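Participant: just need the structure, nothing else, for what follows:
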Amino acid sequence: MSTHFTIDMVRQCKTWSSRRAYLKGVAAASTLGLAGCSGQGGGGTETPNGGSGGGGTTGSSSSGEWPDLSGTKVHIVIDETADPVKNFWNGISSDFKSATNADINVEYVGRQTSGVQRVTQLIQAGTPPEIFAMSQTNATAFQSQDILAPVSDVVTDVEERLGTAYKHVKWDGEHWTLPTFLNVVAWYWRGDLAEEVGMDRRPDWTWETATEYARKVNELDGIHGTYVPAGSGDHAVYHLRAWLRTAECSIAKWKGDKMVVNFHKGKNRGRMIETLNLLKEQHQYSPVASDSGFTSWARAIPNQVSASGNYIGYRPKMYAIQDGRDFAADVHAAQMPKKRTRTTDGNIDGLGTFRGSNVEAAKTLMRFMTQKEQLLPLYKLNPVHDVPAFPGIRESDEYQTFLENLPEAYTPKDTKAYQTEVATNFRSSIEGTDPPNPFAGTITGADALPNLVSDVVLKDANPDSVIDQYAQELQTVIDNAQN
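Facilitator: Sure, this is the predicted structure:
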């Protein structure tokens, strides 16, 4: 099973009673931020990459003086260890200390479960951190246990300066994180190879044209037409879920106070089956990919293994550019191929604070770092890949100038497609239920969905014959978390 933190970890650090009985059994959240700031290293995950980027700019607030926080300690936990990310946060902390006299401690821990484990330890010790950079999946799991403090007033203040966030999810009428950036599943392909096989360079992508492209390009020498991850792990869930979004197929829903799997029932059953059959057909034109991971998925196109496929974020094109591939400018991005919709899957990363910490100091830091000159360097760490959460940043002259000055192979049309078309038409894993799904991380981290895909594409299983088995398997995982 993929690495993810369990609900027991969340429960152990809980010092407040739940507001709702049905939320006592909340799933653990996997780290959707895998596609975020620096990526991952080893084990089929990604290595740190991205552009240059430093910390913020020393100076006072553009809106006035900051409070004197002399003697106030602010503890920040960042689940990254890459130097560019550390440089950014070291710059922010240095500037905040200069502006407020606060005592700042930035703690860098490894990706995946390490950040959550460290926060859990701190809460158990009665010393929760003021700031934790987390995905909204993690935030939903934390908030289901009444661990987070609301930050709606901060979001309101920031939106007054930077415009309404492109995407955030409220729970009980409150914001529990301040969104910072988005990563979204986009569709990638080699436009030069599309022309070579007699198709438009930028086709009107549908399920049918995606399969046609894969079939035709697969007939060329030395390259597969597409890439269908058939290994186990979170990456396989993200890949599948993006296709399910386009099919308008649900995975689970609330039934009273219980989260129940529903992809095998009603209209969802037919839509899950048609999605599995699509992947089965496309896998004919894919490498076997039975040992796939985030790295092999992201690098399939830049490494000339495959010519098309989806990915969460902009790494297929980024890597082609960074690796100096002569076809880098021919790697194009678009919304997912359409079935019933082009809506795709994605992540929202942000900052949260915890009950029992110095919440007001945390909020002051959030306001401080969302000054344009402070926040802008964050989006230079991974150009295009990390989409600014607020229009005041993304549409600013400074950010647009930065994009225009990127290497020519980034191609403005593809940058725009990813940041304005793809990134404004997605749903995160916690969406689709009311309240938001706190079991999203458990679903992502479970083996059931990857194994379902694997049985169909590798073992030639009939989707209609195995769908119930894996629905029950996933339900058992959710029940164990909830009960």
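Participant: show me the shaky parts of this protein.
Facilitator: For the chain, the stretches with pLDDT under 70 are 1-64, 111-113.
Participant: mind redoing it with 80?
Facilitator: 1-64, 110-113 (pLDDT under 80).
Participant: would you mind splitting it into its domains for me?
Facilitator: Under the assignment automatic domain parsing, the domains of the chain span 7-182+346-420, 184-345+428-482.
Participant: what would these look like in TSV with mean neighbour count?
Facilitator: Bear in mind the C-beta positions are built from the backbone N, C-alpha and C, glycine included. Below are the domains of the chain laid out as TSV (neighbours: other CB atoms under 10 Å):
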stretch	mean neighbour count
domain 7-182+346-420	19
domain 184-345+428-482	20
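Participant: and the residue sitting nearest the centre point of the chain, bridged to which residues?
Facilitator: For the chain, N347 is the residue whose C-alpha lies nearest the centre (CA atoms, centre = their mean; 3.0 Å). Using DSSP bridges, the bridge partners assigned to N347 are N183.
Participant: any idea how far it is from W171?
Facilitator: Going from N347 to W171 by CB to CB, to the nearest Å gives 17 Å.
Participant: and E431, by the same measure?
Facilitator: E431 sits 11 Å away from W171 when distances are taken as CB to CB.
Participant: repeat that for D326.
Facilitator: Separation of D326 from W171 (CB to CB) stands at 48 Å.
Participant: what's the answer for M199, then?
Facilitator: From M199 to W171 the distance is 44 Å (CB to CB).
Participant: same check, this time on D95
Facilitator: From D95 across to W171, the span is 31 Å (CB to CB).
Participant: likewise G313?
Facilitator: Remark: distance between G313 and W171 (CB to CB) = 25 Å.
Participant: repeat that for D200.
Facilitator: Distance of D200 to W171, given as CB to CB: 43 Å.
Participant: next one: I76
Facilitator: With the distance defined as CB to CB, I76 ends up 23 Å from W171.
Participant: what of T444?
Facilitator: Separation of T444 from W171 (CB to CB): 19 Å.
Participant: got it, and K86?
Facilitator: As defined by CB to CB, K86 lies at a distance of 31 Å from W171.
Participant: and for Y399?
Facilitator: Separation of Y399 from W171 (CB to CB): 30 Å.
Participant: so how far is the longest helix out of those in the chain off the chain centroid?
Facilitator: When the chain is parsed with DSSP state H, its longest helix is helix 463-482. Centre-to-centre, helix 463-482 and its host chain are 24 Å apart (CA atoms, centre = their mean, to the nearest Å).
Participant: again, but for stretch 172-180
Facilitator: 16 Å.
Participant: just the C-alphas of that stretch, formatted as PDB.
Facilitator: Below are the C-alpha coordinates for stretch 172-180, written out as PDB (Å, rounded to 0.1, in the frame of the first residue of the first chain):
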ATOM      1  CA  ASP A 172     -19.100  24.700   7.900                       C
ATOM      2  CA  GLY A 173     -19.000  28.100   6.200                       C
ATOM      3  CA  GLU A 174     -15.300  28.600   7.100                       C
ATOM      4  CA  HIS A 175     -12.000  28.600   5.400                       C
ATOM      5  CA  TRP A 176      -9.500  26.300   7.100                       C
ATOM      6  CA  THR A 177      -6.500  27.000   4.900                       C
ATOM      7  CA  LEU A 178      -5.200  30.000   3.000                       C
ATOM      8  CA  PRO A 179      -4.700  28.600  -0.600                       C
ATOM      9  CA  THR A 180      -1.300  29.300  -2.200                       C
END
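Participant: follow-up on the earlier one: surely the residue nearest to the centre of the chain touches L182?
Facilitator: Yes. Counting by CB atoms under 8 Å, L182 is a contact partner of N347 at 6.8 Å.
Participant: any common contacting residues for these two?
Facilitator: Counting by CB atoms under 8 Å, 6 or more residues apart in numbering, N347 and L182 have no shared contacts at all.
Participant: so what's the nearest residue to H224 once chain neighbours are set aside up against?
Facilitator: Leaving aside its sequence neighbours, H224 sits nearest to S306 (CB to CB, 6 or more residues apart in numbering; 4.4 Å). Going by CB under 8 Å, 6+ apart, S306 touches I223, H224, G225, T226, Y227, S286, P287, A300.
Participant: now, among those, which is nearest to C249?
Facilitator: Distance to C249 across the contacts of S306 (CB to CB) is lowest for T226, with 20.2 Å.
Participant: and the closest residue to that closest one other than its chain neighbours, helix, strand or coil?
Facilitator: Nearest non-adjacent residue to T226, counting by CB to CB, 6+ apart: A214, 3.9 Å away. Three-state assignment for A214 (DSSP: H, G, I helix; E, B strand; the rest coil): helix.
Participant: thought A214 was touching H283?
Facilitator: No. Here A214 lies out of contact with H283, judged by CB under 8 Å, at a distance of 9.4 Å.
Participant: and N405, how far from E398?
Facilitator: Note on N405: its distance to E398, by CB to CB, is 11 Å.
Participant: list the residues that contact both of these two?
Facilitator: Common neighbours of N405 and E398, counting by CB under 8 Å, 6+ apart, are absent.
Participant: hmm, K459 and A230 touching each other?
Facilitator: No. Between A230 and K459 there is no contact under CB under 8 Å: 10.0 Å.
Participant: show me where this structure has strands.
Facilitator: Under the criterion DSSP state E, the chain contains strands at 73-78, 103-108, 131-135, 148-149, 178-190, 252-255, 258-261, 308-312, 331-334, 344-354, 387-388, 426-428.
Participant: between the fifth one and strand 131-135, how big is the angle?
Facilitator: In this case it means strand 178-190. Interaxial angle of strand 178-190 relative to strand 131-135 (axes from the mean of the first three to the mean of the last three CA atoms, to 10 degrees): 30 degrees.
Participant: and strand 178-190, how far out from the chain's middle?
Facilitator: From the chain centre to the centre of strand 178-190 is a distance of 8 Å (CA atoms, centre = their mean).
Participant: next one: stretch 438-445
Facilitator: 13 Å.
Participant: before we move on, what about stretch 214-230?
Facilitator: On CA atoms, centre = their mean, the centre of stretch 214-230 falls 26 Å from that of its chain.
Participant: grab the nearest non-local neighbour of T164.
Facilitator: Spatial nearest neighbour of T164, excluding adjacent residues (CB to CB, 6+ apart): P391 at 7.4 Å.
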